[in-house]
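> With the sequence up front, the predicted model follows.
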There are 2 protein chains.
Amino acid sequence: MPVGLKFPTSILPINGIRLSTGCAGLYAEKRRDLTLIELAEGSNVAAVFTRNLFCAAPVHIAKQHLASCKPRYCLINAGNANAGTGDQGLRHSINTCDALAHMTKCNKAEVLPFSTGVIGEKLPFEKINSLLPSLVDNLAAENWLDAAKSIMTTDTIPKAVSKKISLGDTAVNITGIAKGAGMIRPNMATMLAFIATDTKISKTLLDKILANAVNKSFNRITVDGDTSTNDACLLIATGKADNNCIEKEDSEQYLIIEKVLVQICCELAQAIIRDGEGVTKFLTIKVNSGRNSAECLAVAYKIAESLLVKTAFTASDPNWGRILAAIGNADIDDLNVDKVNVFLDNVCIFESGQRAVGYTEDAGKKIMQKDEITLTVMLARGKCKEAIWTTDLSHEYITINAEYRT
Amino acid sequence: MPVGLKFPTSILPINGIRLSTGCAGLYAEKRRDLTLIELAEGSNVAAVFTRNLFCAAPVHIAKQHLASCKPRYCLINAGNANAGTGDQGLRHSINTCDALAHMTKCNKAEVLPFSTGVIGEKLPFEKINSLLPSLVDNLAAENWLDAAKSIMTTDTIPKAVSKKISLGDTAVNITGIAKGAGMIRPNMATMLAFIATDTKISKTLLDKILANAVNKSFNRITVDGDTSTNDACLLIATGKADNNCIEKEDSEQYLIIEKVLVQICCELAQAIIRDGEGVTKFLTIKVNSGRNSAECLAVAYKIAESLLVKTAFTASDPNWGRILAAIGNADIDDLNVDKVNVFLDNVCIFESGQRAVGYTEDAGKKIMQKDEITLTVMLARGKCKEAIWTTDLSHEYITINAEYRT
């Protein structure tokens, strides 16, 4: 059951974007599994991809295609990652781009392929190709929710965020969708996420915004510490709105659009955690007063990925010794452990090298029983701070991941 | 249920070592929880300790005491880690050393304290001290098995290994005990382990042997990636055997004793994994043909600590895509993934960037159903190799660690 995450409503269409979805039969049960996104000619696109060395065939192809021209289509399948599939996987991915290009009279390099699902299985490209004509026929601006559903794998709820903002006299729309829900520890990239706006903005600034937004959002989450082979995040600007094209970093309009895009990425990233596999708690891990970002993140991830910390949260057990052990494993040079403070929400549980004076087990338990908890660690040695979001680790996670693939 | 691990039998006493155990009431249920080990005067002792920054009070004290004189006693309690307990924890640990020193007319620095159990709780040193007289009265050479039981926490079976070997004309004995079973990823140190021999050997060589043996054994295991605050491993040589004192590294006797000590440490380390929390499979992860030890270990630990790989083993599911994803996350510079080979036992499952020709799901399943499996990764870029041992991740692990502390 997702934590604090509602079914998305009122998703705004984006001028210059049309979408369609269908069932190509990539799952045993009947469900939408194929998504087509059409981008207006001239759209600027920024993208980041997984740094997993075994990155999937579509990741290789999408990177190549992006480098050569402006994309017109994104073709996304769930149910099969097309990773660990060698040269054959590359050929199959290119084959689907070719088929779509032929049908829509564009260049195959204008098609970006994306896949998510089981690793190591042959991509059933014939099934995908035979659904393409109906996808092309059914493209429509209002199909965002269907697309959010269609890219899901073990997600239990679709993830979409939409905002309308004013840039001077002009209103622009931004809509983003994303999927999780396991193998989540994006590394300089993200899970599948597609964010589009009709804002006119230069490609250079779009790249800059995406890098910054991803770093504050998708690169700050972990479910299980496993970086996927297929992560990708696209930020599309169709330029169909009437604003004057944003080309300067110090312009007011840049600051406005950047802020809202970071916010949307954070909401989508948090939605992935709120619906993480087996989640029963949504946890924010803050590490403050560190010397630099790297050490704050090292401590935060050690806590977030400690099985013992995660299971203590599942049990609503304020077993804070496990938190200390995790902090102590983060390889921080000459950390003075006697100065470290640890808080559960606003309650100090550890200070001066021992249980905080006045802290009671009951106070700890009360907080642990909530389904959204903030854990804060003060390193007391600098001015840097970081925050990441994670899940607990429940029986349900094991059940989901120990189930046979079929 | 432990995997391939039998209740220890025929444990050899060590001339110069006496032990006793008792119930100090550190657990809610009645069980042995306090252990005293007496070392003959003049025994050489080598030791390694956890590198967790939040290391426990007894770890600090034991290190100090070891640096000042040759130890006569080890006092070990289960049920309470005396970690995260600040100055008070240090005082309580010293208090128990004082009490024992007074009773046995030795110096308190000749007592080494060890604790294992819940972190962050006050050490009930009065309970410990009041049991000391009966422990001192009951010291006996044949109490090794009781000691192995008495240091257990979530272990389901005591762990002890014993060997008799010949050094020239002299027979010497070696006996070691250890405990696990969660928060296991020793970092340049080990879980609690006590190994003793009556061999005459210099302190310098004993230190050298322990460092080497630990690196090949306790530093090659992981259950959950969490390094404990209390890990410690002691190697004791009482010198009561009749061999000529071993003082040269190139002597035949040194090579014999070193080899058998490495072997004993490996058996104890593997015993910890075989009885790891919730274990259903004993897994050996080999990484071969790497450029150096560090990269082989990085890949091995990424695989061993991937929740997705672990749960696939629990399910006996040859979902090898998860293994690739883990390898790809190990941050290996310019790894050519198309040259990487992956084997389950002797069956090649992945080569040339894709599923191995001739590999069948049935062949994979057959191996995955075994309870002892070797996973081998060939990096194809060097001559270095490493092996580590780990568990799978079952519902039982979650149950054990999500149970409330009391």
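That came through, no problem.
> hey, let's count contacts and neighbours off CA atoms from now on
Will do.
> low-scoring pLDDT stretches of chain A, where are they?
A:188-191, A:404-406 (pLDDT under 70).
> Scan it for its longest helix.
Counting residues, the longest helix in chain A under DSSP state H turns out to be helix A:252-274.
> Show me the contact partners of that one.
Residues from elsewhere that reach helix A:252-274 (CA atoms under 8 Å, 6 or more residues apart in numbering or on different chains): A:2-5, A:159-162, A:167-168, A:174, A:176-181, A:209, A:212-214, A:216-218, A:221-223, A:246-249, A:279, A:281-282, A:389-391.
> redo that, cut-off 6 Å
With contacts defined as CA atoms under 6 Å, 6 or more residues apart in numbering or on different chains, helix A:252-274 is touched by A:2-3, A:167, A:180, A:209, A:213, A:217-218, A:282, A:390.
> quick one: it to chain centroid distance?
Remark: helix A:252-274 is offset 11 Å from the chain centroid, using CA atoms, centre = their mean, to the nearest Å.
> so after that helix, what's the next helix or strand?
Once helix A:252-274 ends, the next helix or strand along the chain (criterion: DSSP states H and E) is strand A:282-290.
> Give me the packing partners of that next one, helices and strands only.
Contacting strand A:282-290 under the criterion 3 or more CA pairs under 6 Å, 6 or more residues apart in numbering or on different chains; DSSP states H and E are the following elements: helix A:293-304, strand A:372-378, strand A:384-391.
> which other helices and strands contact the helix or strand where A:L235 lies?
Using DSSP H and E, A:L235 falls within strand A:232-237. Using 3+ CA pairs under 6 Å, 6+ apart, the elements in contact with strand A:232-237 are strand A:44-49, strand A:193-197.
> can we see that at 8 Å?
Using 3 or more CA pairs under 8 Å, 6 or more residues apart in numbering or on different chains; DSSP states H and E, the elements in contact with strand A:232-237 are strand A:44-49, strand A:193-197, helix A:203-216.
> what's in contact with that strand?
Counting by CA under 8 Å, 6+ apart, A:43-50, A:59, A:114, A:189-201, A:206, A:210 sit against strand A:232-237.
> and that strand, how far out from the chain's middle?
Its chain's average C-alpha position is 12 Å from that of strand A:232-237, according to CA atoms, centre = their mean.
> And stretch A:152-162, by the same measure?
With CA atoms, centre = their mean as the basis, the mean position of stretch A:152-162 lies at 11 Å from the chain mean.
> Can you give me the buried ones in that stretch?
A:152-162 (16 or more other CA atoms under 10 Å in any protein chain shown).
> and it, C-alpha only, in PDB?
Only the C-alpha atoms of stretch A:152-162 are listed here, as PDB (Å, rounded to 0.1, in the frame of the first residue of the first chain):
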ATOM      1  CA  MET A 152       4.100   0.800 -14.400                       C
ATOM      2  CA  THR A 153       5.800  -2.500 -13.400                       C
ATOM      3  CA  THR A 154       5.500  -3.400  -9.800                       C
ATOM      4  CA  ASP A 155       4.000   0.000  -9.000                       C
ATOM      5  CA  THR A 156       0.600  -0.100  -7.300                       C
ATOM      6  CA  ILE A 157      -0.500   3.400  -8.400                       C
ATOM      7  CA  PRO A 158       0.300   5.600 -11.300                       C
ATOM      8  CA  LYS A 159       2.500   8.600 -10.700                       C
ATOM      9  CA  ALA A 160       1.800  12.000 -12.300                       C
ATOM     10  CA  VAL A 161       2.300  15.600 -11.300                       C
ATOM     11  CA  SER A 162       1.000  18.700 -13.200                       C
END
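> Which residues does it contact?
With CA under 8 Å, 6+ apart, stretch A:152-162 has contacts from A:1-2, A:7-8, A:10-12, A:33, A:78-79, A:116-117, A:145, A:148-149, A:173-182, A:264, A:267-268, A:271-272, A:275-277.
> Which of the residues you listed fall in helices?
Within those, membership in helices is found for A:145, A:148-149, A:264, A:267-268, A:271-272, as judged by DSSP H.
> I'd like to know which of the residues you listed is nearest to chain B.
A:I272 (17.4 Å; CA to the nearest CA).
> Which elements pack onto whatever helix or strand A:A312 lives in?
Here A:A312 sits within helix A:307-314, counting by DSSP H and E. Here helix A:307-314 touches helix A:321-328, helix B:395-402, going by 3+ CA pairs under 8 Å, 6+ apart.
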